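S.K.: Sharing a sequence plus its predicted fold:
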Amino acid sequence: MEIDRAGLAAFLRRRRELLQPEDVGLPRGQRRRTGGLRREEVAVLCHMSTDYYARLERERGPQPSEQMIASIAQGLHLSLEERDHLFRLVGHTPPVRGTTGEHISPGLLRILDRLDDTPAEIVTELGETLRQSPLGVALTGDTTRYTGLSRSFGYRWFTDPATRASYAPEDHGFLSRMFASGLRELAALRGAGSRAAECAEQLLGRSEEFRRLWELHEVGIRPHEVKRFVHPEVGVLELNCQRLLDPDQSHSLLVYTASPGSESYDRLRLLSVIGAQAMT
């Protein structure tokens with residue numbers, strides 16, 4: 001399929017004009033004249049240069065790769081239908097939909113964009129972090145940077161000892177059982193050849209602890225209502241975890257909060273200050 005440059009340019013312009021800064025977590029500013037987002041703002045959201053994006057809106061430039069189009073679709077907060085349309089305009093076959101997809105729904109993104117003062121993250125069913133709020137990064141570090149199977153938190157739990165440093169030692173045994181149990185359920189649900197099955201197979205060859213837990217055939221072990229994090233600067237934080245599920249993509253928005261008046265509440269506020277200073 002060939003690229004429809006005129007259709008692509010018109011579609012991108014229209015989607016950009018419909019978005020407001022507050023829709024994507026950006027400040028509006030006092031001297032704003034643009035009705036929607038500026039090209040440079042969209043470029044930042046899509047992780048590309050302003051010049052590259054501007055050429056697409058001007059019906060110029062090379063045919064974007066599938067990876068680039070996926071980034072644009074996410075940056076413009078497109079729905080799955082709009083994402084697929086964008087792929088076809090560029091001349092690519094849309095990605096297969098399902099539980100292995102990584103396109104985050106606009107609804108989850110809008111919620112996450114409004115959680116600047118709260119630790120939050122969007123994860124896949126395999127525990128791969130797709131997006132984090134600024135305070136989420138301050139709490140656990142940037143967990144979107146990993147590649148391959150290491151993107152899965154459960155996989156890192158058994159293969160990278162540094163992963164456990166953010167959690168209270170007395171919780172490690174339970175968390176190991178929970179991750180093994182969850183992976184067993186997911187591998188059975190998705191079947192042979194799935195990413196979950198591949199993850200289990202790799203862990204069986206790499207981790208003696210995982211092999212021992214796998215042989216127990218435990219299922220149904222669920223997270224505690226309160227999670228304990230150990231932060232190197234503010235200490236232990238006891239946080240409630242609320243989950244919002246997108247059933248179409250099997251993505252979860254995890255939001256961590258502390259009880260008002262508690263020591264963890266004060267430490268979370270301190271962490272927000274430390275996180276803001278680190279960003280500046």
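M.R.: Cool, the structure landed. Residues are numbered from 1 along each chain as shown.

S.K.: Tell me where the longest helix sits in the protein.
M.R.: When the chain is scanned for its longest helix (criterion: DSSP state H), the result is helix 172-190.

S.K.: Name the residues of it that are buried.
M.R.: 175, 176, 178, 179, 180, 181, 182, 183, 184, 186, 187, 190 (16 or more other CB atoms under 10 Å). (C-beta placed from N, C-alpha, C; glycine too.)

S.K.: Let me see the contact set for the first one.
M.R.: Which is residue 175. 157, 167 (CB atoms under 8 Å, 6 or more residues apart in numbering).

S.K.: Tell me the spacing between it and residue 139.
M.R.: Computed as CB to CB, to the nearest Å, the residue 175 to residue 139 distance reads 16 Å.

S.K.: Output the buried residues of helix 172-190 in JSON lines; the columns should cover pLDDT and distance to residue 114.
M.R.: Formatted as JSON lines, those follow (pLDDT from 0 to 100; distance: CB to CB, whole Å):
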{"residue": "175", "pLDDT": "97", "distance to residue 114": "29"}
{"residue": "176", "pLDDT": "98", "distance to residue 114": "34"}
{"residue": "178", "pLDDT": "97", "distance to residue 114": "30"}
{"residue": "179", "pLDDT": "97", "distance to residue 114": "30"}
{"residue": "180", "pLDDT": "97", "distance to residue 114": "35"}
{"residue": "181", "pLDDT": "97", "distance to residue 114": "33"}
{"residue": "182", "pLDDT": "97", "distance to residue 114": "29"}
{"residue": "183", "pLDDT": "97", "distance to residue 114": "32"}
{"residue": "184", "pLDDT": "97", "distance to residue 114": "36"}
{"residue": "186", "pLDDT": "95", "distance to residue 114": "30"}
{"residue": "187", "pLDDT": "96", "distance to residue 114": "35"}
{"residue": "190", "pLDDT": "93", "distance to residue 114": "32"}
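
S.K.: quick check, nearest of those to residue 272?
M.R.: Closest approach to residue 272 among the buried residues of helix 172-190 (CB to CB): residue 175, at 25.5 Å.

S.K.: gap between the closest one and residue 225?
M.R.: As judged by CB to CB, residue 175 and residue 225 stand 14 Å apart.

S.K.: Just the pLDDT at residue 103, thanks.
M.R.: The model reports residue 103 with a pLDDT of 91.

S.K.: Just give the nearest non-adjacent residue to it, would you?
M.R.: In space, and not counting its chain neighbours, residue 103 is closest to residue 83: 5.7 Å by CB to CB, 6 or more residues apart in numbering.

S.K.: quick check: angle from the very next helix or strand once past the longest helix of the chain to helix 172-190?
M.R.: Helices and strands here follow DSSP states H and E; after helix 172-190, the next one along the chain is helix 195-206. Here the directions of helix 195-206 and helix 172-190 differ by 130 degrees (axes from the mean of the first three to the mean of the last three CA atoms, to 10 degrees).
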